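Novice: Predicted structure and sequence below. I'll ask about it afterward.
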Amino acid sequence: MPQYFGKLQTTEQPWSTIDSVQSINKIDDRTIHFNCGETSLNISILAPNLVRVRMSPMGEFKSRSHSITLPDEEWEIVPFEVRETDEKIEIETAQILISVKLSRPSVECFDKSGKPFASDCDRAMGWRAGATAGWKRIEADEHFYGFGQRTGFLDKLSEVKTNWTTDALDYNSQTDEMYQAIAFYIALNPDRAYGLFFNTTFWSQFDIGAEQLGVLRMETRGPELDYYIIYGPEPAQILATYTQLTGRMPMPPKWALGYHQCRWSYESEDIVRELAREFRDRAIPCDVIHLDIDYMRGYRVFTWSPERFPDPAKLIADLKAAGFKVVTIIDPGVKYEPEANYEIFDRGVENDYFVRTAEGKLFHGYVWPDKSVFPDFMKPEVREWWGELHQTLTEIGVAGIWNDMNEPAIAERPFGDGGEHIFFPLDAPQGPECDRATHAETHNLYGLMMAKACADGLRKVRSGDRSFVLTRSGFAGVQRYSSVWMGDNQSQWEHLEMSLPMLCNMGLSGVAFVGCDIGGFAGNATAEMFARWMQVGMLYPFMRGHSAMSTAQHEPWVFGDRTEKICREYINLRYQLLPYIYTLFWEAATAGTPILRPLLYHFPRDRATYHLYDQVLLGPSLMAAPVYRPGVEHRAVYLPEGTWFDWWTGECYHGPTHILADAPLERMPLYVRGGGIIALAPLRQFVSEEAIDSLKMRIWPGTGEWTLYEDDGHSFEHEQGVWATTNYQVYLEGDKTIVEIAAREGEFAILEREVTVEVVGIGEQQFTDDGRVRRLTFG
């Protein structure tokens, strides 16, 4: 290794590798065990397209109560065939073939046509002091996506990605460790795709061909190698299986899909009331106001400032009457305050709920309330206690919780005094006595377990209403408990641009309910930047404007009349699209489908989409090509195969082709696929302002199908079957366009309403919707 910038050369420790297979036995109906001397290798078939690979250098496999994957025994048993030769063992399912070499054990996978994927290199698996690793071959023309929360472009080939939750303040396109740690990727080439989930909670890292061309290395500081291979052949099938493995998001309350407004901070009741009045007076839709840390008394969690918020119950009630929900921030740091009658601290110490060092001392660090202690969320009783604490907020009307600083973010000295960011000591014990682990193993789980405590607690204390949960930090499976925002971004054009691949890669990692702070959190947006960002933000599954203390105000009206009008138009469009967007959330909840999608998701055989990060699909039909540079009023747009229509003008294009789109400041280029079906609601200032008594179905000529999902938007009755779906199909019959509407299914009762079906460019028809079958002819 050459010497760079004065850094001395290091000698790399050699890797120990697995010995030849000595014996083979089938443990159960899913797992084949390979005895390799002191080392054990297990291959488990969990689904026709899902294989689990485990290698333990010491021969024993440990089970952990904090595992986030569906247990092997809960997968339905699937048939597979085992064939043995002198050189290898072959395991064949209905979809794939797995081959294990016996002399130097390695795992190779093939699709039914014999094409390889997720196959080991010559150095297949190995270990050395403090590390275990596996090496995979990167196939020709293979590209890599997902990896959780990542900056930079969409494709991660030739990069190194580390999984260790970190307060990534001032992140940029080169930042590696981020707030989220999700060790999952999708590898795609033109005729096949696979996903891989690296099942380790320890520090881990992917090297995707950066150190050695054509080789992917996955390394963990844990004691064994454990990963799942998921065959596609397309991204949709991979994500369906991956989210079956790690869990799917619940249906959120419908109001959470509206516009959220936030700032660090709206620091008093009077300011919050004025903010709400501005939205309603200016007719800019908004459903949610977030309260940052200054609502608390001295930053003590689960308290209110008696000076700034003297009557929070009345404030929240008045906001509710005006159509606003309130979301409050909660951090994990609990102010260290003995003998001060601070019940949260006193109860936590009394019951040993806080993290301690290996020597048994109460660990402390510095966050907003200065010296603080931190709950051990790995303990079930701590999660239950913490969850129930939210009742002090929900009983006065708080509708959602925003979990922050939960990587955890800790300083060694009081904020403002300099000092380094620190973590809990890596040898700090966490979790219950029966399943104790060190922080080295549980660090990545801290934010996830806090989100779980919050979500479980809100479900318990909010009397049948769905809650909104937001988190900054998390791990694989975070979608089960919380939405996620991308942390402290900046008011820079580069961050606007980067938001699209960041959110798309989160969606490709199983986390669909995601967003970035519109306008940028740190710094000052210009009027042009804010207008363009609001256009893009209309597409974010989680749509929130947010800005930091000491920056200029970033509300939609502060940039002048022109920007305010643009913001109003695009927030209006968001609210009109809510029936379509709510259905996309249902797809995410039932099939793990991303809401915001890169084009490669629907066009995985089109190489032109593999690096295309600045065009996105909202669901299957609506494509956006945002502008993310100052002074730009035209941009190149790629239209994949098929027919495409300009949303604004109705102009028709035939792909694959590139066009030059007109994009003055008032217009974000939008396109709809031929056969696209999009449901639109009447304009509302907030989601529940009035009952929806009419619906418009915009349909573009071509062949297509789409199912509209509906429920009450706030309760859990949908979990008992109280929902409704209506399937729409459009196709050509000679020179006529036919729209078929199937009978409504489900038990959710929909009030009588008028439905207008518009086939764009041809005509429209209207009928009273009673849930019966209909066949409409146009042209």
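Specialist: Everything's here; your move.
Novice: continuing past the helix or strand hosting residue 328, what's the next helix or strand?
Specialist: Assigned by DSSP states H and E, residue 328 falls within strand 325-330. Proceeding N to C from strand 325-330, the next assigned helix or strand is strand 334-335, under DSSP H and E.
Novice: Not counting that following strand itself, show me its contacts.
Specialist: Contact with strand 334-335 is made by 298-301, 342, 344-345, 348, 354, 369-375, as judged by C-beta atoms under 8 Å, 6 or more residues apart in numbering. C-beta here means a position set from N, CA and C on the backbone, and glycine is covered the same way.
Novice: nearest residue to residue 745 other than its sequence neighbours?
Specialist: Nearest residue to residue 745, sequence neighbours excluded (C-beta to C-beta, 6 or more residues apart in numbering): residue 725, at 5.1 Å.
Novice: wait, residue 130
Specialist: Closest residue to residue 130 apart from its sequence neighbours, by C-beta to C-beta, 6+ apart: residue 221 at 5.7 Å.
Novice: Which of the three states applies to residue 348?
Specialist: Classification of residue 348 using DSSP: H, G, I helix; E, B strand; the rest coil returns helix.
Novice: How about the one 4 residues further on?
Specialist: Residue 352 falls in the coil class when you classify it by three-state DSSP.
Novice: buried ones in whichever strand or helix holds the residue nearest to residue 745?
Specialist: In the assignment (DSSP H and E), residue 725 maps to strand 724-733. Judged by neighbour count (16 or more other C-beta atoms under 10 Å), strand 724-733 contains these buried residues: 724-726, 728-730.
Novice: per-residue confidence at the residue nearest to residue 130?
Specialist: pLDDT for residue 221: 98.
Novice: repeat for residue 9
Specialist: On the pLDDT scale, residue 9 gets 69.
Novice: Show me the shaky parts of this structure.
Specialist: For the chain, the stretches flagged by pLDDT under 70 are 1-9.
Novice: Residue nearest the middle of it, spatially speaking?
Specialist: Centroid-nearest residue in the chain: residue 511, 2.4 Å away (criterion: C-alpha atoms, centre = their mean).
Novice: in its sheet, what does the strand holding residue 328 sit against?
Specialist: strand 288-291 (parallel), strand 400-403 (parallel) (DSSP bridges).
Novice: what's the spacing between that strand and its chain's center?
Specialist: Offset of strand 325-330 from its chain centre (C-alpha atoms, centre = their mean, to the nearest Å): 20 Å.
Novice: try stretch 630-638
Specialist: Distance, stretch centre to chain centre, for stretch 630-638: 28 Å (C-alpha atoms, centre = their mean).
Novice: In the stretch 351-500 of the chain, what residue spans correspond to strands?
Specialist: Secondary structure of the stretch 351-500 of the chain (DSSP state E, counting those that start in this stretch): strands at 365-367, 370-373, 400-403, 410-411, 421-422, 429-430, 437-438, 468-471, 474-475, 483-485.
Novice: The residue nearest to residue 745 contacts residue 741, correct?
Specialist: No - using C-beta atoms under 8 Å, residue 725 is not in contact with residue 741; the gap is 11.7 Å.
Novice: Columns mean neighbour count on top of the strands paired with strand 325-330, output as a markdown table?
Specialist: Compiled in a markdown table, the strands paired with strand 325-330 are given as follows (neighbours: other C-beta atoms under 10 Å):
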| stretch | mean neighbour count |
| --- | --- |
| strand 288-291 | 24 |
| strand 400-403 | 25 |
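Novice: Identify each buried residue in stretch 452-468, please.
Specialist: Result for stretch 452-468 [16+ other C-beta under 10 Å]: buried residues 452-459, 461-462, 466-468.
Novice: oh, I was asking about stretch 578-598
Specialist: Buried residues in stretch 578-598 (16+ other C-beta under 10 Å): 578-589, 592-598.
Novice: Narrow the residues you listed to those in strands?
Specialist: 596-598 (DSSP state E).
Novice: Return the closest of those with respect to residue 692.
Specialist: The shortest approach to residue 692 among these belongs to residue 596, at 24.1 Å (C-beta to C-beta).
Novice: can you tell me how far residue 689 sits from residue 296?
Specialist: Going from residue 689 to residue 296 by C-beta to C-beta, to the nearest Å gives 31 Å.
Novice: my bad, should have said residue 20
Specialist: For residue 20, the distance to residue 296 (C-beta to C-beta) stands at 62 Å.
Novice: of the two, who's got more company?
Specialist: Using other C-beta atoms under 10 Å, the more surrounded residue of residue 20 and residue 296 is residue 296, with 24 against 12.
Novice: That one touches residue 303, doesn't it?
Specialist: Yes - here residue 296 lies in contact with residue 303, judged by C-beta under 8 Å, at a distance of 5.2 Å.
Novice: what are the ranges of the helices in this structure?
Specialist: Applying DSSP state H to the chain gives helices spanning 235-246, 269-281, 312-321, 343-350, 380-389, 391-394, 439-442, 446-461, 493-507, 527-537, 561-576, 578-591, 599-602.
Novice: ok, the spatially closest residue to residue 659 that is not a sequence neighbour to residue 750 distance?
Specialist: In this structure, residue 659 finds its nearest non-sequential neighbour in residue 637, 5.3 Å apart by C-beta to C-beta, 6+ apart. As judged by C-beta to C-beta, residue 637 and residue 750 stand 37 Å apart.
Novice: neighbour count winner among the two?
Specialist: Ranked by neighbour count (other C-beta under 10 Å), residue 637 and residue 750 place residue 637 first, with 21 against 16.
Novice: isn't that one right up against residue 663?
Specialist: No - using C-beta under 8 Å as the test, residue 637 is too far from residue 663 to be in contact (9.1 Å).
Novice: shared neighbours of these two, anything?
Specialist: Shared contacts of residue 637 and residue 663, counting by C-beta under 8 Å, 6+ apart, come down to 625, 669.
Novice: beta partners for residue 101?
Specialist: Per DSSP bridges, the residues bridged to residue 101 are residue 88.
Novice: Tell me how many other residues crowd it.
Specialist: Residue 101 has 16 neighbouring residues, counting by other C-beta under 10 Å.
Novice: can you check residue 311 too?
Specialist: 13.
Novice: swap in residue 17?
Specialist: Residues within reach of residue 17, counting by other C-beta under 10 Å, total 17.
Novice: isn't it right next to residue 120, touching?
Specialist: No - look at residue 17 against residue 120 with C-beta under 8 Å: they stay out of range, at 11.1 Å.
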